[in-house]
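Chemist: attaching a predicted model along with its sequence, questions to come.
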Amino acid sequence: TSTRDKMNINEKEFNCYMQNVVEKNQTPLLCFYVNQATEKVHLMSDSESFKQIRESNAILEIENILNRTVERRKKLNFSNLIFDEDEQSCQGGLHKCHLPPPKFQLSWEKSNLCYLKERKPMPVDARFAKLPPEILRNIFRFLKPEPDLKNMLLVSKYWKSVTEDPLIWAGFEIPVKCRENEQNLQRFFEGNLFSKVQHLVLHGYHFKLNDGHFEKFLSLDIAEITINNIDLTSVPDELFAKLVNSCKECEIRLHWSQPFLKANKWIAIFDVMRKETKLKTFALSWASSTGFIHLSHIPTDILAQAFSRLESLSLNRVQFGENQLKTICETLTRSSNLKYLELKDLDPESDLVSMNLLDAVLTNLRGFSYEPSVLNNPAERLMELVDKSCKLKSLKLDNFNLIEVPPKLLARAFNKLECLDLVSGVAMCEEQTKEVFRVMSSGTCLKKLDFIDFIDHIEKVDPLILAKALNNLEILRVDLRPPITLPQILAIFKQLNVKTRIKAILRDPHEENYEEILYL
């Protein structure tokens, strides 16, 4: 009533004014007032609030409050719980600061100026101190080890305990400046960041490492070690082998111009590996297109027992002796932890596939990656092994000619897998491609198919068949660009509206080491 009188308008005009506030400005309104003549309680409201208040008991309580107020109207003082800063001084009237403590606090009261003024600001570190450790860990993973994470260790005991989580330091290496200068490395040994190293890279040192350095490395709890063309002649064989076997993952990359690992160091590595090792993943690779890593000088039983302790083994341009291969395959068949095997560009005389030595081994594997040498292409033999295997879930092929494989065999083998990765250079004929996707469209075990853009004759597949086939996957890796045609793309997304198992589409922009994921 006071608002209406102040505006000098009658009740009808006042109702029109409030109607504009609600309907034009879309402002929620809930107003109770007492008619002084009839002493009845009236309600003015927007439609949504009216529906909710009519279903609530609160309206009866408010009516009783206002009715009691009418009886004591001569004793009333004005009270406004939301007011401007200029009106906060206590100069008459009943302000919030004069009221008794409320039994309940309304949510909108927290935003008024009086409330904010009475509240003491919380220090920044106190607010962060209340964050759960899992949230802080997710934040800290975006920080660089030095100087960011180094500073986080010094903030508080709570932050220090969170920052010391090894997952935050995943991939942390010895800084480049410490590999360029031995004095810098010694100072790094004495600092508090040395214990956080997770990935040890033995490469690019401008000075010769010795047993003292390796004793320091052994004090670390490292997850991964990478060895790449470094002079280790001053390091004892046993110490070097112990370091290699003290981590979970090891990759050794050799180059033809500097074969730094002599026979005694190789034997020491595999001898420790067969007895006691933490290694789960071991990778050997030869960086040159000519020559191989020769392991024929290693005793056969040592090599076979060492490989059987691993879960993942990757061999790139490696050469074995004939007796070694037979013993290795027999050992892996009888007793082995091996779940994933990668064979890439092996010496033709050491190719387990073409020599029919991989049959029993492949039956027990979960994942297999294969790139044959230029002189060897046992495509049909490999597909027969995949078709017979009952445990193999993942297959990766690179630079492989599949044209001679019968289309039905190829389609049956591919659709028994859960993950298929056909890297560039995998040759298929049109009939094979169509048969693979025809079978896939009616039902498949495949959950993920990588790089369908690289599959030969993909543009010849019927759009509807391709759409149904790809929508039977859970993860699809595709750039949706030529040779895939526009009708095929439209069919794929139309099928998404009908029936699909796809959970995510992955695409690879041209930037190096960058992957973009579109979650559906």
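Modeler: Good, I have the coordinates.

Chemist: pLDDT below threshold where in the stretch 351-500 of the chain?
Modeler: Applying pLDDT under 70 to the stretch 351-500 of the chain picks out residues 351-357, 374-377.

Chemist: could you redo the last one with a cut-off of 80?
Modeler: Within the stretch 351-500 of the chain, the segments meeting pLDDT under 80 span 351-364, 372-378, 389-390, 424, 451, 477-481.

Chemist: now the helices for it?
Modeler: Taking DSSP state H, counting those that start in this stretch, the helices of the stretch 351-500 of the chain run over residues 359-364, 379-388, 407-414, 430-442, 463-470, 486-498.

Chemist: same check on the stretch 51-200 of the chain?
Modeler: According to DSSP H, counting those that start in this stretch, the helices that the stretch 51-200 of the chain contains are 58-71, 113-118, 124-129, 133-140, 150-152, 157-163, 176-180, 182-190.

Chemist: lowest average pLDDT across those helices?
Modeler: Mean pLDDT values for those show the minimum at helix 113-118, a mean of 43.

Chemist: quick one: F282 and L310 touch, right?
Modeler: Yes: if you go by Cβ atoms under 8 Å, F282 and L310 touch, sitting 5.3 Å apart. Any C-beta I mention is one placed from the backbone N, CA and C, and that applies to glycine too.

Chemist: who touches both of the two?
Modeler: Common contacts of F282 and L310 (Cβ atoms under 8 Å, 6 or more residues apart in numbering): M273.

Chemist: can you lay out the helices of the stretch 351-500 of the chain as CSV showing mean neighbour count?
Modeler: Compiled in CSV, the helices of the stretch 351-500 of the chain are given as follows (neighbours: other Cβ atoms under 10 Å):
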stretch, mean neighbour count
helix 359-364, 17
helix 379-388, 18
helix 407-414, 20
helix 430-442, 20
helix 463-470, 22
helix 486-498, 15
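
Chemist: turn those into JSON lines, including distance to V162.
Modeler: Formatted as JSON lines, these follow (distance: least, Cβ to Cβ, whole Å):
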{"stretch": "helix 359-364", "distance to V162": "41"}
{"stretch": "helix 379-388", "distance to V162": "46"}
{"stretch": "helix 407-414", "distance to V162": "46"}
{"stretch": "helix 430-442", "distance to V162": "46"}
{"stretch": "helix 463-470", "distance to V162": "43"}
{"stretch": "helix 486-498", "distance to V162": "41"}
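
Chemist: quick check: which of those is nearest to L153?
Modeler: When those are ranked by proximity to L153, the top entry is helix 359-364, at 45.2 Å, counting by Cβ to Cβ.

Chemist: what is the closest one packed up against?
Modeler: Where contact means 3 or more Cβ pairs under 8 Å, 6 or more residues apart in numbering; DSSP states H and E, helix 359-364 is packed against helix 322-334, helix 379-388.

Chemist: any chance of the ones you listed in CSV, with distance to L43 too?
Modeler: Compiled in CSV, the helices and strands packed on helix 359-364 are given as follows (distance: least, Cβ to Cβ, whole Å):
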stretch, distance to L43
helix 322-334, 82
helix 379-388, 75
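
Chemist: mind checking the ones you listed for the one nearest to T500?
Modeler: helix 379-388 (26.6 Å).

Chemist: so how far is V478 from A491?
Modeler: Counting by Cβ to Cβ, to the nearest Å, the separation of A491 from V478 is 13 Å.

Chemist: same question but for K278, I mixed them up
Modeler: K278 sits 38 Å away from V478, going by Cβ to Cβ.

Chemist: what is the burial count for the closest residue to N337 other than its chain neighbours?
Modeler: Using Cβ to Cβ, 6 or more residues apart in numbering and skipping residues adjacent in sequence, the residue nearest N337 is E311, 5.3 Å away. When neighbours are counted by other Cβ atoms under 10 Å, E311 registers 15.

Chemist: in contact with E311, which residues?
Modeler: Counted by Cβ under 8 Å, 6+ apart, E311 has contacts K280, T281, N337, L338, K339, Y340.

Chemist: repeat for E182
Modeler: Counting by Cβ under 8 Å, 6+ apart, E182 has contacts F207.

Chemist: ok, A360 next?
Modeler: Neighbouring residues of A360 by Cβ under 8 Å, 6+ apart: C329, T333.

Chemist: least confident of the contacts of E311?
Modeler: Lowest pLDDT among those: N337, with 86.

Chemist: related to what we said a few turns ago, more neighbours: which of K278 and V478?
Modeler: Counted by other Cβ under 10 Å, K278 and V478 do not tie: V478 has more neighbours, with 20 against 16.

Chemist: what number of residues lie near the closest residue to the more buried one other than its chain neighbours?
Modeler: Take V478 and drop its neighbours on the chain: the residue closest to it by Cβ to Cβ, 6+ apart is I452, 5.2 Å away. Using other Cβ under 10 Å, I452 is surrounded by 23 other residues.

Chemist: so I452 versus L409, what's the distance?
Modeler: I452 is 20 Å from L409, by Cβ to Cβ.

Chemist: so L476 makes contact with L446?
Modeler: No: judged on Cβ under 8 Å, L476 makes no contact with L446 at a distance of 10.2 Å.

Chemist: how about the strands in the stretch 251-400 of the chain?
Modeler: Ranges of strands in the stretch 251-400 of the chain, per DSSP state E, counting those that start in this stretch, are 281-286, 293-294, 312-316, 318-319, 340-344, 367-371, 394-397.

Chemist: what does stretch 403-414 contact?
Modeler: Residues from elsewhere that reach stretch 403-414 (Cβ under 8 Å, 6+ apart): 379-380, 383-384, 386-387, 395, 402, 420, 427-429, 431-432, 434-436, 438-440, 446.

Chemist: so which of the strands of the stretch 251-400 of the chain gets nearest D46?
Modeler: Of all the strands of the stretch 251-400 of the chain, strand 394-397 sits nearest to D46, with 59.3 Å by Cβ to Cβ.

Chemist: that closest one packs against which elements?
Modeler: So strand 394-397, by 3+ Cβ pairs under 8 Å, 6+ apart, packs with strand 367-371, strand 419-422.

Chemist: ok, back up a step: to D347, which of the helices of the stretch 51-200 of the chain lies closest?
Modeler: Evaluated with Cβ to Cβ, those place helix 176-180 nearest to D347, the distance being 33.6 Å.

Chemist: list the buried residues in that closest one.
Modeler: For helix 176-180, burial by neighbour count (16 or more other Cβ atoms under 10 Å) applies to C178, R179.

Chemist: cool, thanks, talk later.
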